[in-house]
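Undergrad: Model the following, please.
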Amino acid sequence: MSETATKQKHSFQTEVKQLLHLMVHSLYSNKEIFLRELISNAADAADKLRFKALKDNSLYGDDSELAIRVTTDKDAKTLTISDNGIGMTEKEVINNLGTIAKSGTADFLQQLTGDQKKDSKLIGQFGVGFYSAFIVADKVTVTTRGAGAGINEAVIWESAGDGEFTIEQTEKETRGTDITLHLKEGEEEFLEELRLRNIIGKYSDHISLPVEMHKMVSDDDADKTPEFEAVNKATALWTRAKADISDEEYQEFYKHISHDFQEPLTWSHNQVEGTQEYTSLLYIPSKAPFDLWNRDRVRGVKLYVQRVFIMDDAEQFLPVYLRFVRGLLDSNDLPLNVSREILQDSKVTQSLRNATVSRILKMLEQLAKKDKEKYQQFWDEFGQVLKEGTGEDFANKEKIAKLFRFSSTHNDEKAQTVSLDDYIERMKPEQEKIYYIATDSFLAAKNSPHLEIFRKKGIEVLLMHDRIDEWTISHLNEYEGKQFVSVTQGDLNLGNLEDAEDKKAQEKASEEHKDFVERVKSALGDKVADVKVTMRLTDTPACIVAGEGEMPLQMVKMLQAAGQNVPDVKPVFEINPEHALIDLIEKEQSDEQFSEWVDVLFDQALLAEQGQLDDPASFASKLNKLLLKLAH
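TA: Residues are numbered from 1 along each chain as shown. Okay, here's the model as predicted:
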């Protein structure tokens with residue numbers, strides 16, 4: 001018992017108030033989903049009781065037959081969803097029904113646009129569960145008693161969805177939760193038995209425990225005591241033969257376990273017998289959740305052992321780079337009393353994890369082959385997360401890389417549609433390496449001066465413009481025996497793509513401009529590691545590159561942005577001797593003006609490579625000064 005038995009008034013968490021308003025207005029066109037959400041929550045409550053009862057069977061009391069019941073009262077205009085699951089204490093009621101314990105909620109709310117159609121999709125990705133009741137109800141009453149609690153330790157929670165809720169103690173004969181919806185005017189359809197049966201059949205057939213309603217009786221039997229009957233199949237979907245499960249059933253089961261309102265992109269259902277016996281049902285969502293980039297977010301699959309629910313979000317079976325996957329594993333080899341600590345060190349866990357990862361990668365590979373449009377949708381949503389895999393999963397990095405998509409000079413389009421296999425297939429016969437450029441944006445990559453010689457020779461270059469790309473490639477190094485080479489690092493070496501005349505021209509230019517190079521090097525001082533003549537440029541006077549073996553400049557930027565300490569990497573400054581501006585500067589006699597020209601040229605190269613300067617005002621001042629002199 002709490003210290004007071006009087007009714008207590010509480011305010012909803014601010015985010016809950018906002019979500020309640022948005023839900024009622026944005027999800028109204030699909031209002032029947034409230035019943036799916038409440039039945040799913042009831043099923044979760046039953047699963048949690050089963051799990052706790054593994055250690056304490058007395059929690060069942062004299063009621064071990066778990067079920068969900070849906071009843072109506074047409075006179076009172078109420079619809080009630082009851083379960084005899086785990087129930088809640090007063091503290092749990094406040095925490096579960098008054099707050100949304102999800103990290104990133106504020107960020108999620110900032111993404112909302114005010115467009116009801118777009119916002120309904122976002123809300124679906126967020127997962128709203130219990131609060132969907134307010135789509136059709138103007139008041140909701142929850143009466144609950146925790147498993148193991150006494151009759152007089154029950155709690156009533158009630159709210160009109162207006163920003164406040166009340167809590168008071170009560171008595172309840174049985175454990176579990178009754179959610180009573182006081183329906184709004186015009187929502188009487190949800191009091192009709194056939195309508196409710198159709199909704200339950202549509203959304204909740206796959207739930208493994210019975211969802212019961214009053215047995216339909218004839219007029220002759222109307223005076224008899226009403227009986228209950230299951231209106232769903234009440235068989236765990238994943239235990240059924242794949243041939244007996246429709247796509248619609250798979251899709252609804254996905255929505256049940258993920259609380260996502262949208263259809264999954266694809267799924268894989270496998271029942272394995274042999275050294276290990278387990279069933280996996282894995283889904284790829286069609287949309288990324290709002291908190292995808294939070295690597296610490298709760299993730300993982302549902303874990304069952306011999307059909308008994310063990311835990312939500314068993315992260316031991318999924319690496320972080322596959323955190324977008326939803327689904328379940330049902331193992332016959334793990335003990336029923338398994339804990340997260342036991343899972344961490346179990347050989348069975350490691351074997352299941354390896355099999356799960358392999359299954360997911362194979363599922364994605366098949367999707368890429370069979371349906372390019374759907375795979376492109378997957379890549380646009382989750383591609384950057386998958387790119388984390390090369391640094392996290394060494395054993396599978398080639399399989400992961402096969403799934404990558406990039407932009408490239410082949411079509412100069414921002415859309416990332418080019419696979420590494422596509423690139424290799426188009427390589428010139430004498431080409432030995434995969435060339436790429438990594439920058440902050442697509443336009444910076446597409447218009448980079450480093451591509452000039454490659455465009456001239458018709459050599460395709462991958463345009464990498466995701467922040468993670470340089471890190472990803474640093475862990476990949478090669479693909480199908482072809483080494484990755486950045487066009488912005490080290491001396492340009494096109495190998496067999498470079499003819500003898502190119503090499504002679506490079507050597508000749510270096511000799512002819514030797515004094516000029518030394519003069520530039522002196523003017524720049526310790527700003528650069530070296531100054532060289534280059535043949536990689538055709539239309540641009542100069543560029544900067546990272547030295548051979550040095551950390552790529554894009555990687556330096558990425559680590560600095562993340563607050564990491566990085567070595568002081570000085571760039572190599574390369575000059576195009578064929579450019580008219582270089583010819584002009586080379587003839588400049590004034591050391592002061594020469595130095596200003598070189599500074600401006602160097603800053604231009606920095607700007608083209610990095611997109612910003614440490615001292616842009618100084619650059620603008622020098623440039624204006626030189627322009628005025630040229631004008632006179």
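Undergrad: where does the stretch 251-400 of the chain have low pLDDT?
TA: In the predicted model of the stretch 251-400 of the chain, residues 295-298 satisfy pLDDT under 70.
Undergrad: Quick one: the strands in it, in order.
TA: 266-272, 278-284, 301-305, 308-314, 326-331 (DSSP state E, counting those that start in this stretch).
Undergrad: Does anything pack onto the first one? Which helices or strands?
TA: Pointing back at strand 266-272 there. The contact analysis (3 or more CB pairs under 8 Å, 6 or more residues apart in numbering; DSSP states H and E) places strand 266-272 against helix 247-258, strand 278-284, helix 347-370. In this view, the C-beta of every residue, glycine as well, is placed from N, C-alpha and C.
Undergrad: angle of that strand against helix 347-370?
TA: 140 degrees (axes from the mean of the first three to the mean of the last three CA atoms, to 10 degrees).
Undergrad: hmm, back to that, could the helices and strands packed on strand 266-272 go into TSV alongside distance to Ala523 and mean neighbour count?
TA: Formatted as TSV, the helices and strands packed on strand 266-272 follow (distance: least, CB to CB, whole Å; neighbours: other CB atoms under 10 Å):
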stretch	distance to Ala523	mean neighbour count
helix 247-258	61	18
strand 278-284	56	23
helix 347-370	52	17
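Undergrad: Out of the strands of the stretch 251-400 of the chain, the one nearest Lys508 is which?
TA: With distances scored as CB to CB, the stretch of these nearest to Lys508 is strand 278-284 (56.4 Å).
Undergrad: So Ile360 sits against Phe324, correct?
TA: No: counting by CB atoms under 8 Å, Ile360 does not reach Phe324; the two are 9.8 Å apart.
Undergrad: Mutual contacts of those two, please.
TA: Counting by CB atoms under 8 Å, 6 or more residues apart in numbering, the contacts common to Ile360 and Phe324 are Ile284.
Undergrad: What is the end-to-end distance of stretch 167-182?
TA: End-to-end distance for stretch 167-182, by CA to CA, to the nearest Å: 17 Å.
Undergrad: Please enumerate the helices of the stretch 1-150 of the chain.
TA: For the stretch 1-150 of the chain, applying DSSP state H, counting those that start in this stretch gives helices covering 14-26, 33-53, 90-98, 105-111, 116-126.
Undergrad: can you give me the angle the third one makes with helix 33-53?
TA: With the same axes, to 10 degrees defining the directions, helix 90-98 sits at 150 degrees from helix 33-53.
Undergrad: In helix 90-98, which residues are buried?
TA: Neighbour-count burial for helix 90-98 flags Glu90, Val93, Ile94, Asn96, Leu97, Gly98 (criterion: 16 or more other CB atoms under 10 Å).
Undergrad: and the residue lying closest to Glu252 once chain neighbours are set aside, what does it touch?
TA: Spatial nearest neighbour of Glu252, excluding adjacent residues (CB to CB, 6 or more residues apart in numbering): Tyr203 at 5.4 Å. For Tyr203, the contact set (CB under 8 Å, 6+ apart) comprises Glu32, Ile33, Leu35, Arg36, Ile39, Glu252, Lys255, His256.
Undergrad: confidence score at Tyr203?
TA: For Tyr203, the pLDDT comes out at 82.
Undergrad: if I look at it, how far off is Leu191?
TA: Going from Tyr203 to Leu191 by CB to CB, to the nearest Å gives 18 Å.
Undergrad: ok, back up a step: got TSV for the strands of the stretch 251-400 of the chain, with distance to Lys570 too?
TA: Output for these, formatted as TSV (distance: least, CB to CB, whole Å):
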stretch	distance to Lys570
strand 266-272	48
strand 278-284	45
strand 301-305	48
strand 308-314	47
strand 326-331	47
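Undergrad: Compute the number of surrounding residues for Gly383.
TA: Counted with other CB atoms under 10 Å, the neighbours of Gly383 add up to 17.
Undergrad: so it makes contact with Ile400?
TA: No: between Gly383 and Ile400 there is no contact under CB under 8 Å: 11.1 Å.
Undergrad: ok so, going back, could you dump the contacts of Tyr203 to a markdown table with distance to Asn294?
TA: As requested, the contacts of Tyr203 are exported to a markdown table (distance: CB to CB, whole Å):
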| residue | distance to Asn294 |
| --- | --- |
| Glu32 | 32 |
| Ile33 | 26 |
| Leu35 | 31 |
| Arg36 | 27 |
| Ile39 | 29 |
| Glu252 | 28 |
| Lys255 | 22 |
| His256 | 24 |
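Undergrad: Out of those, flag the one nearest to Lys457.
TA: Checking those against Lys457 with CB to CB, the nearest one is Lys255 at 52.2 Å.
Undergrad: Make sure that closest one is actually in contact with Glu249.
TA: No: counting by CB under 8 Å, Lys255 sits too far from Glu249 to count as a contact (10.9 Å).
Undergrad: can you list the domains in this structure?
TA: Using automatic domain parsing, the domains assigned to the chain come out as 8-235, 239-381, 404-487, 498-631.
Undergrad: And the first one, end to end?
TA: Think domain 8-235. End-to-end distance for domain 8-235, by CA to CA: 41 Å.
Undergrad: Save the helices and strands packed on strand 266-272 as TSV, and put in distance to Ala45 too.
TA: As requested, the helices and strands packed on strand 266-272 are exported to TSV (distance: least, CB to CB, whole Å):
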stretch	distance to Ala45
helix 247-258	14
strand 278-284	21
helix 347-370	27
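Undergrad: And the domains of the chain: which comes nearest Asp393?
TA: Across the domains of the chain, Asp393 has its closest neighbour in domain 239-381 (5.7 Å, CB to CB).
Undergrad: so where's the chain uncertain?
TA: The model of the chain has pLDDT under 70 over residues 1-5, 13-19, 21-29, 98-128, 217-224, 295-298, 562, 631-632.
Undergrad: got the contact list for the residue nearest in space to the middle of it?
TA: Ranked by distance to the mean C-alpha position of the chain (CA atoms, centre = their mean), the top residue is Leu292 at 3.4 Å. By CB under 8 Å, 6+ apart, the residues touching Leu292 are Arg323, Phe324, Phe382, Val385.
Undergrad: Next one: Phe290 relative to Lys215, how far apart?
TA: Going from Phe290 to Lys215 by CB to CB gives 43 Å.
Undergrad: Hmm, I typed the wrong one, I wanted Ile257.
TA: In this view, Ile257 and Lys215 are 29 Å apart by CB to CB.
Undergrad: same check, this time on Ser159
TA: 33 Å.
Undergrad: who has more neighbours, the two?
TA: Ser159 (24 against 13).
Undergrad: Pop out the phi and psi values for the more buried one.
TA: Ser159 adopts backbone torsions of phi -150, psi 150, taken as degrees, to the nearest 10.
Undergrad: now the residue lying closest to it once chain neighbours are set aside, what's its secondary structure?
TA: Counting by CB to CB, 6+ apart, Ser159 lies nearest to Phe165, which is 3.7 Å off, once chain neighbours are set aside. In terms of secondary structure, Phe165 is strand; the call rests on DSSP: H, G, I helix; E, B strand; the rest coil.
Undergrad: Quick check, Phe165 in contact with Gln8.
TA: No: the criterion here is CB under 8 Å, and Phe165 misses it with Gln8 at 9.3 Å.
Undergrad: about what we covered before: could you provide the domains of the chain in JSON lines, with additional columns for distance to Gly389?
TA: Below are the domains of the chain laid out as JSON lines (distance: least, CB to CB, whole Å):
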{"stretch": "domain 8-235", "distance to Gly389": "23"}
{"stretch": "domain 239-381", "distance to Gly389": "4"}
{"stretch": "domain 404-487", "distance to Gly389": "8"}
{"stretch": "domain 498-631", "distance to Gly389": "17"}
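Undergrad: What about Leu606, how many residues nearby?
TA: Other residues near Leu606 number 20, with proximity taken as other CB under 10 Å.
Undergrad: contacting residues for it?
TA: With CB under 8 Å, 6+ apart, Leu606 has these contacts: Ile544, Pro571, Leu613.
Undergrad: Perfect, that will be all.
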